[in-house]
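Trainee: Predicted structure and sequence below. I'll ask about it afterward.
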Amino acid sequence: MEKFTKLTGKAVPFDSINVDTDQIIPAPFLSIMRTDGYDGLLFHRVRRDEDGELNPDFIFNKEIYADASIIVADRNFGCGSSREGAAWALVDNGFFSVIAPSFGDIHFNNEMNNGMVPVRLDEAVCADLRAQLHADPGAEITVDLETNTVTAPNGDTHSFSIPEFNRERLLKGLDEIELTLNYEAQIERFEAQRGQTLPYIDD
């Protein structure tokens, strides 16, 4: 997993509330192997019309946001099912942070487990950020995990927090398996000692 320290990038203002994981990645695509990638599948049902053509009115299809890396959303982003594919779809389409007033709890954790930084800010702050982005399409936002701050297009800064355990993992670029492997020597010592002091456990 790549380290996340500070991200400055174009941000997409996404005004919908209660964006569920089935909107982010429709269920029929979940059979696709992770290694095959989820590029182009993000918001597939609303991003394309009945003929499969891109909907020019959908904000993610605007050319100005082709290389965006941040989403500023409204409340309850990522609600619904627990599918990790929703986080995969975001990452594989270039998004590494979502800013919103609230998230579905499981999706919030899925984002962090896949190298993303989900940022909770007050609803009024998120609304102001989206207004700035609508007024200046292509404007950039900075998400700084080292200082736990978001810098708005107008220069205002806003503080946020995520669980410290996840913050440290993201700063170091470690997924849960890589974090566990950091303690491999200690685990091996424990197993060796356990076999001597509690031999009946291995029977």
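Mentor: Perfect, thanks for sending it.
Trainee: buried stuff in stretch 73-89?
Mentor: 73-81, 83-89 (16 or more other CB atoms under 10 Å). For glycine as for every other residue, the C-beta is placed from the backbone atoms N, C-alpha and C.
Trainee: quick one: which of these is nearest to T147?
Mentor: Of all the buried residues of stretch 73-89, A73 has the smallest distance to T147: 22.1 Å, by CB to CB.
Trainee: isn't that closest one right next to A100, touching?
Mentor: Yes - using CB atoms under 8 Å, A73 makes contact with A100 at a distance of 4.1 Å.
Trainee: Overlap in contacts, those two.
Mentor: Contact criterion CB atoms under 8 Å, 6 or more residues apart in numbering; residues shared by A73 and A100: C126.
Trainee: before we move on, the earlier item: kindly indicate which of the buried residues of stretch 73-89 lies nearest D39.
Mentor: Of these, the one sitting nearest to D39 (CB to CB) turns out to be A89, at 8.6 Å.
Trainee: Go ahead and confirm that closest one touches I24.
Mentor: Yes - A89 is within contact range of I24, at 5.8 Å (criterion: CB under 8 Å).
Trainee: Give me the common contacts of those two.
Mentor: With CB under 8 Å, 6+ apart, A89 and I24 have common neighbours L42.
Trainee: Now do the contacts for R47.
Mentor: Counted by CB under 8 Å, 6+ apart, R47 has contacts 54-55, 58, 60-61.
Trainee: neighbour-wise, which of those leads?
Mentor: F60 (18 neighbours; other CB atoms under 10 Å).
Trainee: Quick one: residues contacting it.
Mentor: F60 touches 12, 14, 42-43, 47, counting by CB under 8 Å, 6+ apart.
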